[in-house]
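Asks: Return a 3D structure for these sequence lines:
(one chain, ligands or ions: 2)
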Amino acid sequence: MAVILGIESSCDETSASVCINGKVINNEIANQTIHEQYGGVVPELASREHQRNIVPVVQHVLDNAGINASELDGIAYTRGPGLLGALLIGSSFAKSMAASLDIPLIPIHHMKAHVLAHFIDDPKPKYPFICLTVSGGHTQILRVNSPTEMIILGQTKDDAVGEAFDKAAKLLGLPYPGGPMIDKLAKEGDPLKFEFAESEMPELDYSFSGIKTSILYFLRKEMKLNENFIRENINDLAASIQHTLISMLMNKLIKAAEMEDIKQIAIAGGVSANSGLRNALNNEATNRSWEVFIPDFQYCTDNAGMIAISGHLLYEKQAFGKLSDSPLPRMPF
Ligand code: KG4
Ligand code: ZN
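Replies: Numbering: from 1, shown residues only. Ligands and ions are numbered 1, 2, ... in the order given. Down below sits the predicted model:
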């Protein structure tokens, strides 16, 4: 039993959370809006924003949980992967706090934390389960045997699916991050109106860079004929792009579930907030007698709740780090 503070600062969200005896009490996220005007995250600006936000965000979750820093048993922080400058702020803060309180540091792998977010609320999956982890930087199908043992069954060989959503949105002239915008527009569109070629990859791997090119050429051709094409068809375009990306994700996920003979299926990461993906998963649950696990919206995109629960699970295993551990922007899985 333990009181854990979780800190997440891998990209453009400064987040902190307190987990008491395995229960995530709160999850505060300071979103950085400054990047919108640049059409993507600017690393140096992200670091400065983290620096500005980290003290008040941490103080606020401790106050909100009614916890004094001296009552903490451990501090979990994102060690990687992510932006180096952003990771440095969170890890330096976590280290100095852990050193001054003389409590263990628990370094966390950001992508594994997305998976372990399923242990925040009930119902929780039972091991082993399959998790499709879909974010702005990763797309992986995992066999999850325990909080520490996750086997990659397949993954993208180029772009992540979140990146594909964001790049497609950019081609449609939508602001960054485009994934949520495509999701919103797709709700009013026809998913079968336009067809984009799905890339073929062997086994359980993915490739998402080809679809971006196919959307680009398609739009160029249509815009030559009608310069208002995107504006007039924005909902159908969003729905068709989303449909293509989700069908690629689902085909391999189904294959993985069959190959591993596992019916406990989870999704995690920013793109698991996508309503089309959530619906597709629920449909397969009915068709294939799967038990599916879809995170609450606040735990899909980057958040410290998932870092705090991971910290709790690893604290039990005494998987502690050292003050000399440096952040790992390309932290191996
Ligand atoms: O996990 P995450 O918050 O950050 C990373 O670790 O990368 O994922 C961010 C990604 C972005 O590409 C964003 O566009 C995408 O998740 N995303 C969505 C939705 N919400 C976030 N993509 C599609 N539909 C959504 N509703
Ligand atoms: Zn993430």
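Asks: quick one: the strands in the chain?
Replies: Here the chain has its strands, by DSSP state E, at 3-8, 13-20, 23-31, 74-80, 105-109, 129-134, 139-144, 150-155, 264-268, 291-293.
Asks: how about JSON lines for those strands, with mean pLDDT and distance to Ala285 added?
Replies: Using the backbone N, CA and C atoms, a C-beta is placed for each residue, glycine as well. What follows is the strands of the chain, written out as JSON lines (pLDDT from 0 to 100; distance: least, Cβ to Cβ, whole Å):
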{"stretch": "strand 3-8", "mean pLDDT": "98", "distance to Ala285": "29"}
{"stretch": "strand 13-20", "mean pLDDT": "97", "distance to Ala285": "29"}
{"stretch": "strand 23-31", "mean pLDDT": "95", "distance to Ala285": "25"}
{"stretch": "strand 74-80", "mean pLDDT": "98", "distance to Ala285": "31"}
{"stretch": "strand 105-109", "mean pLDDT": "98", "distance to Ala285": "28"}
{"stretch": "strand 129-134", "mean pLDDT": "98", "distance to Ala285": "13"}
{"stretch": "strand 139-144", "mean pLDDT": "98", "distance to Ala285": "17"}
{"stretch": "strand 150-155", "mean pLDDT": "98", "distance to Ala285": "19"}
{"stretch": "strand 264-268", "mean pLDDT": "98", "distance to Ala285": "8"}
{"stretch": "strand 291-293", "mean pLDDT": "98", "distance to Ala285": "4"}
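Asks: can I get these in a markdown table with mean neighbour count?
Replies: As requested, these are exported to a markdown table (neighbours: other Cβ atoms under 10 Å):
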| stretch | mean neighbour count |
| --- | --- |
| strand 3-8 | 28 |
| strand 13-20 | 27 |
| strand 23-31 | 19 |
| strand 74-80 | 27 |
| strand 105-109 | 25 |
| strand 129-134 | 27 |
| strand 139-144 | 24 |
| strand 150-155 | 18 |
| strand 264-268 | 24 |
| strand 291-293 | 19 |
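Asks: how about the ones you listed in JSON lines, adding distance to Gly39?
Replies: Output for the strands of the chain, formatted as JSON lines (distance: least, Cβ to Cβ, whole Å):
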{"stretch": "strand 3-8", "distance to Gly39": "23"}
{"stretch": "strand 13-20", "distance to Gly39": "18"}
{"stretch": "strand 23-31", "distance to Gly39": "16"}
{"stretch": "strand 74-80", "distance to Gly39": "24"}
{"stretch": "strand 105-109", "distance to Gly39": "28"}
{"stretch": "strand 129-134", "distance to Gly39": "21"}
{"stretch": "strand 139-144", "distance to Gly39": "22"}
{"stretch": "strand 150-155", "distance to Gly39": "26"}
{"stretch": "strand 264-268", "distance to Gly39": "26"}
{"stretch": "strand 291-293", "distance to Gly39": "33"}
